[in-house]
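*Asks:* Sequence first, predicted model second:
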Amino acid sequence: MPLSLKDRRVVIASLFLPQGTVYYDDDSRSTVTEDELPQTVNKTVPLNAAKAQQMSIGFSLVDELMRAATPITSTPPVEDKVNPFSAVSSPRLGPQQGIRPLPSRLPTLNIIPSIVVPAKSQGPRSAPVAAESRPTRRPSHRTSRATSRSSSVRRSDSVVRSTPRLGFLEAPHYTPWQIEPSSHGNVGLFNAVNSVGDAIQKKLWVGLVDCPTDDFPEGLRVDLEMKYQSQHESLPVWIKDAEFTEFYDVYCHQVLWPTLHYAVPDAPRTRLNLYDSKSFERYRAVNLKFAEAIVSNHQDGDIIMVNDYHLMLVPQMIRERIPKATIGFFLHVTFPSSEIFRCLAARQKLLRGMLGADLIAFQTSNHMRHFRQTVHRILSLEALPKGIQLENTFFVDVTTLPMGIDLATLDQKRRDPEVEEWVTNLQQRYAGVKLIVGRDKLDEVQGVRQKVLAFETFLDRHPEFRGKVVLVQIALSTTSENENMASDALSTAISRINARFSSLSYTPVVLLHTSELNFNQYLALLTVADAFIVTSLREGMALRTHEFIQCQEQRKRPLILSEFTGSYSFTGFRSCFVVNPYDARQTADAIAAALAISDDEAASRWNDLHNHIISQTAQAFVTSFLNRTLRAHAEHTQRPFDTIPTLPPLTDESDIIQELRNSKKRLILLGVENTLFQHDPKTTRDLSFSVPQDVLNLLQKLSEDERNVIYLLSSRPVAGALEKVSDALPYVGIVAEDGCYIKAKANKGEKTEFVSLVGDVSMQWKESCIEILNYFTERTPGSFIEERGASIRWRYWPGNPDDSELPWARRQAAEAQNHIWDSLGEKFGLRIVPATRSFLVLPQNASRQSAVELILRPEGPPKSESAELPSAPSPHPHTPGETPFDYVLAIGSEERLLNRLNVVPHSVTVSTSHKNSNAKWRLERQDVLAQLENLVKACET
């Protein structure tokens, strides 16, 4: 059956559920005074919606920008009368009459935000209540869960809660709890999954509720589970708050997060002494609860998608309980080199946990390469470009799948009238001033401090821009220890810069927290920005850059991007201004160049960036990940060879022969090496080698029936044995070098020639590839190189398969493949096909499947070099109903080809590989010629 997402349920395991819970309990009411109650709540509106609405109404972005423009120092702020921008009203709403203002931005960043406290209305120009004079609340005794670090996109709303329990209303129309969108989950993943629409008809989210749950009574948990499953397709996982703290705040944030981002400080700071202690045990326990929740709700056909570094042990835990499960694992953050990852005491357990998946996907090729090398060096497993070969013959596919954004949804939100009004307002208020916008988490690895220091250097080196450029930094902050340390240094830097360069009407650095602007205002900032800057020290895909590029559809302003982001590793992003965030001068010069760029060059750079993001969308990511997981699982779970039924004798009594006789045009595909004859590479590499005469005689008889269209599928080069076959059998088609060349079957009186199917591909890679293989050939006894027209095969062990030196040869082969792939694979578009004791390097678009696709076309394959080839072969070798053949017989060892031919109507697929296979029949190699002789007799009658 063809692989399809239809009728399959997708189970998405992520740390937090897309929807969070707000619970109003009785014991919190006594801590709230009458003055704290919302003043405009409509009883028909749920409490939290009313609070969010009230906060939005009371907020003016330009007011906040100007108020935030006051230098972060201990000096008194400038009075409003000398700040002409402080009286700007909110678009569409007019002056803020009688509405409670939001609390002002914190003067420093090292203060943990307290709960938002409503204040009484103080008139249209009421100032924010000073922090010292605000009513205080009894602090929550539960741990506050911070924003998920893996979410690299915007938050779903602008309301911040330090604790979810705000129960200060006793009216009967308020429910004791409600479910609303969470600001803690991986919003990018949630949006990506939703963007595919009906392509995923059934799904189940598995994750934590984003609030403390120890005090939730059992009845409430049951109610929540029912509502989550019935209304939100979600399954909550319940863990204790103390367990969450050890798991999330300690192991995930102080061990895994810095290590994955190349930040491994001294032991006291990251608690390296806890690597083997209870923090990892909590990590394992939480992963186990996720696995048990998934297993207990598993259905046949489920595709399980496990996400990010919080759940690295889950795939193997599921595999141990459901061996046949379809599992994919996607790491949203970076994966470091083996020299960094080996510092983790739990390194083997974490790697084994990930290897329980059918498919492991990373954001970039560098991350994938680091993972392969780490597995090879730490677990001593065979790591190939395609994946990891485990000890139990199970193979794990490893691939690169960059994440994108949902452009259609973003465009829809950009068209909101409020966005347009904010754009107009900002353009008027900042006329003559250039805005540089950044949006990052307040974390050391995000490089915000480096960005601010580079901006200071920019103002020092380019005094002509002073008073004319403002850096607007939007910050996503949490309460973690590492982020507080980063915030201290950032606060000091901003204070110094604003003290040096600000005036009554100008402040160079404006810091806004995401709680201080909604998404429409954020889109307006992206639209009016003159540049967007990312200076991460390590990061996966910086999806906020995609949002900026799309919002710049009209203005086409430049992007300044750190070379240490995963985004920069893609060719499309090479048109940005690349910076080394550790080099403040170079970053400062890049800022100056970006602001001084001509419109034509800016448009050219923007077009390159935009062409990349429209191809790397959220929809492409989700569908590719799920389909590749399905495909990998299908390959891994093929039937053992000895359980496949043996092909019955092709005699008159056979149903196969009866169907063949009723057909009008038959396609017969036959593998050559190790199918028609035993293949010995030490002899067949010689140009004087010839195919056995009895094989040629048999093929000649089959080709005499005009209803038979015969093609030989070979890995051999054209020169040598295949040229002799072509001369001896002019009416037999040949596929050479595993799909690099094809010779079409000739009609009577017609002559065809070998045609290159990779003629438009550069062969410059071959020289470098041979140079690499020469290095490994010198170190691997008995190995040799077979250079061909468009491919290269390296045979690393032609000797006895039981020889003790074979493991060494295999390790050398794995190293050689990885080296070729890393240095040449992406650059030249190559693929590497491993075999039992050799591997083949060839252009990516060449394969036996693509050659067979040409054969199955109504017009057939090209017969000369001048014939036009299809520009983009389809992923499947045929479309039902379009092939001219009403019978297909395929005998060989190419399992992927056999698997795809299974969907061709009236096809008979026969495997000779002795490997797991989805072929309909199996056949021993020594019996192939006898069965073909039976076929000849059947065709003659």
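*Replies:* All right, it came through fine.

*Asks:* got any ranges where this protein has weak pLDDT?
*Replies:* Within the chain, the ranges that satisfy pLDDT under 70 run 1-4, 21-176, 265-276, 392, 477-486, 679-688, 798-803, 865-881, 941.

*Asks:* Q926: neighbouring residues, count only.
*Replies:* For Q926, the neighbour count with other Cβ atoms under 10 Å is 9. For glycine as for every other residue, the C-beta is placed from the backbone atoms N, C-alpha and C.

*Asks:* now it, what's its secondary structure?
*Replies:* Of the three states, Q926 takes helix under DSSP: H, G, I helix; E, B strand; the rest coil.

*Asks:* mind starting the numbering at 18 from now?
*Replies:* Sounds good: first residue 18 from here, last item Q943.

*Asks:* can you tell me how far it sits from L693?
*Replies:* Separation of Q943 from L693 (Cβ to Cβ, to the nearest Å): 11 Å.

*Asks:* cool, L847 as well?
*Replies:* L847 sits 29 Å away from L693, going by Cβ to Cβ.

*Asks:* Same question for K783.
*Replies:* Using Cβ to Cβ, K783 is found at 29 Å from L693.

*Asks:* ok, and the closest non-adjacent residue to A830?
*Replies:* Residue nearest to A830 in three dimensions, not counting chain neighbours: Y813, with 4.6 Å by Cβ to Cβ, 6 or more residues apart in numbering.

*Asks:* repeat for N304
*Replies:* Spatially, and ignoring its direct neighbours in sequence, N304 is nearest to L330 (3.9 Å; Cβ to Cβ, 6+ apart).

*Asks:* just checking, A559 touches F581?
*Replies:* No. With contact defined as Cβ atoms under 8 Å, A559 does not count as touching F581 (10.2 Å).

*Asks:* who has more neighbours, those two?
*Replies:* Comparing A559 with F581 by other Cβ under 10 Å, the one with more neighbours is A559, at 25 against 22.

*Asks:* that older thread, list residues touching both of A559 and F581?
*Replies:* Residues touching both A559 and F581 (Cβ atoms under 8 Å, 6 or more residues apart in numbering) are S553.

*Asks:* what about K783 and L693, which has more around it?
*Replies:* Taking neighbours as other Cβ under 10 Å, K783 and L693 compare with L693 leading, 25 against 18.

*Asks:* State the distance from the more buried one to L667.
*Replies:* Counting by Cβ to Cβ, the gap from L693 to L667 is 16 Å.

*Asks:* Just give the number of residues close to E899.
*Replies:* Other residues near E899 number 9, with proximity taken as other Cβ under 10 Å.

*Asks:* so L273 makes contact with L330?
*Replies:* No. Using Cβ under 8 Å, L273 is not in contact with L330, being 11.4 Å away.

*Asks:* Looking at these two, which one has more neighbours?
*Replies:* Using other Cβ under 10 Å as the criterion, L273 and L330 rank with L330 on top: 25 against 21.

*Asks:* what sits up against the helix or strand harbouring T474?
*Replies:* Using DSSP states H and E, T474 sits within helix 465-478. Helix 465-478 is contacted from outside by 453, 455, 457, 459, 482-483, 486, 488, 490, 492, 503, 506-507, 510-511, 513-514, 517-518, 525-526, 550, 552, 554, 596, 598-599, 601-602, 604-606, 608-609, using Cβ under 8 Å, 6+ apart.

*Asks:* distance between the very next helix or strand once past that helix and the chain's centre?
*Replies:* Downstream of helix 465-478, the first helix or strand assigned by DSSP H and E is strand 486-493. Distance of strand 486-493 from the chain centroid (Cα atoms, centre = their mean, to the nearest Å) equals 28 Å.

*Asks:* Could you do stretch 208-228 as well?
*Replies:* Relative to its chain's centre, stretch 208-228 lies at 16 Å (Cα atoms, centre = their mean).

*Asks:* Over to stretch 875-882?
*Replies:* Centroid separation for stretch 875-882 versus its chain: 38 Å, with Cα atoms, centre = their mean.

*Asks:* before we move on, what about stretch 584-599?
*Replies:* Per Cα atoms, centre = their mean, the centroid offset for stretch 584-599 relative to its chain is 18 Å.

*Asks:* now stretch 427-447
*Replies:* Distance of stretch 427-447 from the chain centroid (Cα atoms, centre = their mean) equals 31 Å.

*Asks:* Can I get that stretch in CSV, CA atoms only?
*Replies:* What follows is stretch 427-447, C-alpha atoms only, in CSV (Å, rounded to 0.1, in the frame of the first residue of the first chain):
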residue,chain,number,x,y,z
LEU,A,427,1.2,35.3,8.9
ASP,A,428,0.0,37.2,5.8
GLN,A,429,-3.5,37.1,7.0
LYS,A,430,-2.5,38.6,10.4
ARG,A,431,-0.4,41.2,8.6
ARG,A,432,-3.5,42.4,6.8
ASP,A,433,-5.2,43.2,10.1
PRO,A,434,-6.2,47.0,10.1
GLU,A,435,-4.6,47.4,13.5
VAL,A,436,-1.3,46.4,12.1
GLU,A,437,-1.6,49.0,9.4
GLU,A,438,-2.5,51.7,11.9
TRP,A,439,0.4,50.9,14.1
VAL,A,440,2.7,51.0,11.0
THR,A,441,1.4,54.5,10.1
ASN,A,442,1.8,55.6,13.7
LEU,A,443,5.3,54.4,14.1
GLN,A,444,6.4,55.8,10.7
GLN,A,445,5.1,59.2,11.8
ARG,A,446,6.6,59.2,15.2
TYR,A,447,10.0,57.9,14.0
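
*Asks:* Assumed E263 was part of a helix.
*Replies:* Yes. E263 forms part of a helix when assessed by three-state DSSP.

*Asks:* by how many degrees do the top helix by length along the chain and strand 486-493 diverge?
*Replies:* Using DSSP state H to define each element, the chain has its longest helix at helix 498-518. Computed with axes from the mean of the first three to the mean of the last three Cα atoms, to 10 degrees, the direction of helix 498-518 lies at 160 degrees from that of strand 486-493.

*Asks:* Which strands and helices lie in contact with helix 498-518?
*Replies:* Under the contact criterion of 3 or more Cβ pairs under 8 Å, 6 or more residues apart in numbering; DSSP states H and E, helix 498-518 touches helix 465-478, strand 526-530.

*Asks:* returning to that earlier point: what's near enough to touch the residue nearest to N304?
*Replies:* Y300, R301, N304, L305, A308, K366, L367, G370.

*Asks:* and if you look at R483?
*Replies:* Neighbouring residues of R483 by Cβ under 8 Å, 6+ apart: L476, F518, P525.

*Asks:* And for the first one, the neighbour number?
*Replies:* The local packing count at L476 equals 20, with neighbours defined by other Cβ under 10 Å.

*Asks:* Tell me how far it lies from V469.
*Replies:* 11 Å.

*Asks:* And the strands in the stretch 768-917 of the chain?
*Replies:* For the stretch 768-917 of the chain, strands defined by DSSP state E, counting those that start in this stretch occupy the ranges 771-773, 801-804, 809-812, 847-851, 855-860, 904-909.

*Asks:* Show me the strands paired with the fifth one, marking each as parallel or antiparallel.
*Replies:* Sheet pairing of strand 855-860 (DSSP bridges) gives strand 809-812 (antiparallel), strand 847-851 (antiparallel).

*Asks:* Which of those sits closest to R678?
*Replies:* strand 847-851 (36.7 Å; Cβ to Cβ).

*Asks:* For the closest one, what is the distance to the chain centroid?
*Replies:* Offset of strand 847-851 from its chain centre (Cα atoms, centre = their mean): 22 Å.
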